[in-house]
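Engineer: Provide a 3D model corresponding to the input given below.
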Amino acid sequence: MNKDIATPVRTKEILEKYGFSFKKSLGQNFLIDTNILNRIVDHAGLTDETAAIEIGPGIGALTEQLARRSKKVVAFEIDQRLLPILQDTLSPYQNVKIIHKDILKADVHEMISQELAEFKDIMVVANLPYYVTTPIIMKLLEEKLPIRGIVGMLQKEVADRIAARPGTKEYGSLSIAIQYYTKAETVMVVPKTVFMPQPNVDSAVIRLTLREEPAVKVKDESFFFQVTRASFAQRRKTILNNLTSQLPDGKQKKEEIVSALKEAGIEESRRGETLSLEEFGLLSDALYPVFR
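Structural biologist: Numbering: from 1, shown residues only. Here you go, the predicted structure:
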């Protein structure tokens with residue numbers, strides 16, 4: 001068995017060997033606890049028939065665990081300085097491919113067709129860079145990739161917002177956008193102490209399981225998201241006030257908005273955070289003829 005990368009001693013050795021210094025701008029915090037890594041991988045439900053996609057492998061701590069428990073790993077790394085380190089640390093594993101690209105600019109569909117075409121089960125598993133967590137998750141979901149889901153480590157506060165339920169202060173347009181595509185659950189909270197360097201925030205691991213069909217059927221997906229964003233623009237305002245001030249020509253169309261709310265069975269005095277996904281679906285369909 002190879003010596004695990006994810007220990008404080010081994011991580012320090014690797015960093016010293018290569019004279020590596022952390023870049024704050026890339027949100028680099030490396031995991032140094034094998035137990036935590038194993039639990040993350042457990043939550044992904046990998047088998048020897050699974051392919052794993054990783055984002056930001058760092059020095060390969062999570063990559064190594066994925067390589068041991070899946071058939072193939074493809075990892076996207078933006079920082080060129082890490083490429084020779086990964087080549088070294090992951091040399092025992094023949095089933096890993098590192099791609100030097102920014103995931104936000106990468107054509108992931110194309111990568112899957114080139115590297116993972118034979119796989120029926122693909123999971124994204126990543127310790128995500130905290131400064132771009134939301135854009136990465138939204139990209140993966142909006143591009144409708146052939147994946148089973150995403151298990152990601154992120155800032156706890158963002159994880160709370162993603163998994164939030166209606167009527168809570170964390171619930172907002174991000175909760176809706178992600179729960180529209182997936183079933184979202186926080187599966188573990190991770191202390192700061194298991195990272196090098198230690199981040200300033202607590203972390204959590206979230207599991208997003210893709211739905212076969214979106215959570216609600218709507219006439220127009222992008223309009224549905226426009227309505228949800230408008231509804232949370234100012235959290236203290238009622239749904240009616242937010243919609244009239246945020247939707248194009250909303251003030252002139254106030255009467256139509258009032259009747260759309262009635263049609264959807266939603267009191268105009270309610271706030272966005274009290275509406276369920278289903279209610280937002282009804283509302284956006286009722287508003288769609290007014291604004292399209």
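
Engineer: which residues in the stretch 51-200 of the chain form helices?
Structural biologist: 61-69, 83-89, 108-115, 133-142, 156-162, 173-181 (DSSP state H, counting those that start in this stretch).

Engineer: Using a markdown table, lay out those together with mean neighbour count.
Structural biologist: In this view, the C-beta of every residue, glycine as well, is placed from N, C-alpha and C. Shown next, in a markdown table, are the helices of the stretch 51-200 of the chain (neighbours: other Cβ atoms under 10 Å):
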| stretch | mean neighbour count |
| --- | --- |
| helix 61-69 | 24 |
| helix 83-89 | 16 |
| helix 108-115 | 14 |
| helix 133-142 | 18 |
| helix 156-162 | 21 |
| helix 173-181 | 21 |
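
Engineer: Make TSV from those helices and add distance to residue 44 and mean pLDDT to it.
Structural biologist: Below are the helices of the stretch 51-200 of the chain laid out as TSV (distance: least, Cβ to Cβ, whole Å; pLDDT from 0 to 100):
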stretch	distance to residue 44	mean pLDDT
helix 61-69	8	97
helix 83-89	20	96
helix 108-115	17	98
helix 133-142	14	96
helix 156-162	16	96
helix 173-181	17	96
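
Engineer: closest one to residue 123 among those?
Structural biologist: Nearest to residue 123, of all the helices of the stretch 51-200 of the chain, is helix 61-69, at 9.0 Å by Cβ to Cβ.

Engineer: Turn the helices of the stretch 51-200 of the chain into TSV, including distance to residue 248.
Structural biologist: Output for the helices of the stretch 51-200 of the chain, formatted as TSV (distance: least, Cβ to Cβ, whole Å):
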stretch	distance to residue 248
helix 61-69	44
helix 83-89	47
helix 108-115	32
helix 133-142	22
helix 156-162	27
helix 173-181	17
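
Engineer: mind checking which of those is nearest residue 41?
Structural biologist: Among the helices of the stretch 51-200 of the chain, helix 61-69 comes nearest to residue 41, with 4.9 Å by Cβ to Cβ.

Engineer: Show me what that closest one is in contact with.
Structural biologist: Identification of contacts with helix 61-69 by Cβ atoms under 8 Å, 6 or more residues apart in numbering yields 2, 4-6, 11, 30-32, 34, 37-38, 40-41, 46, 52, 54, 57, 73, 75, 86, 89-90, 93, 95-96, 125-127.

Engineer: Could you pick out the buried ones from those?
Structural biologist: 4-6, 11, 30-32, 34, 37, 40-41, 46, 52, 54, 57, 73, 75, 86, 89-90, 96, 125-127 (16 or more other Cβ atoms under 10 Å).

Engineer: C-terminal to the one helix or strand residue 205 maps to, what's the next element?
Structural biologist: If you go by DSSP states H and E, residue 205 is part of strand 203-210. Downstream of strand 203-210, the first helix or strand assigned by DSSP H and E is helix 221-231.

Engineer: Direction-wise, compare the next helix or strand along the chain from that following helix with helix 221-231 and give the angle.
Structural biologist: Next along the chain after helix 221-231, taking DSSP H and E as the criterion, comes helix 239-246. Per axes from the mean of the first three to the mean of the last three Cα atoms, to 10 degrees, the angle that helix 239-246 makes with helix 221-231 is 110 degrees.

Engineer: Find out how far helix 239-246 is from the centre of the chain, if you would.
Structural biologist: 28 Å (Cα atoms, centre = their mean, to the nearest Å).

Engineer: ok, back up a step: buried by neighbour count: which residues of the strand holding residue 205 qualify?
Structural biologist: Neighbour-count burial for strand 203-210, counted by 16+ other Cβ under 10 Å, picks out 203-208, 210.

Engineer: and which of these is nearest residue 105?
Structural biologist: residue 208 (21.9 Å).

Engineer: so how far is residue 211 from the residue nearest to the closest one when sequence neighbours are not counted?
Structural biologist: Closest residue to residue 208 apart from its sequence neighbours, by Cβ to Cβ, 6 or more residues apart in numbering: residue 182 at 3.9 Å. Going from residue 182 to residue 211 by Cβ to Cβ, to the nearest Å gives 6 Å.
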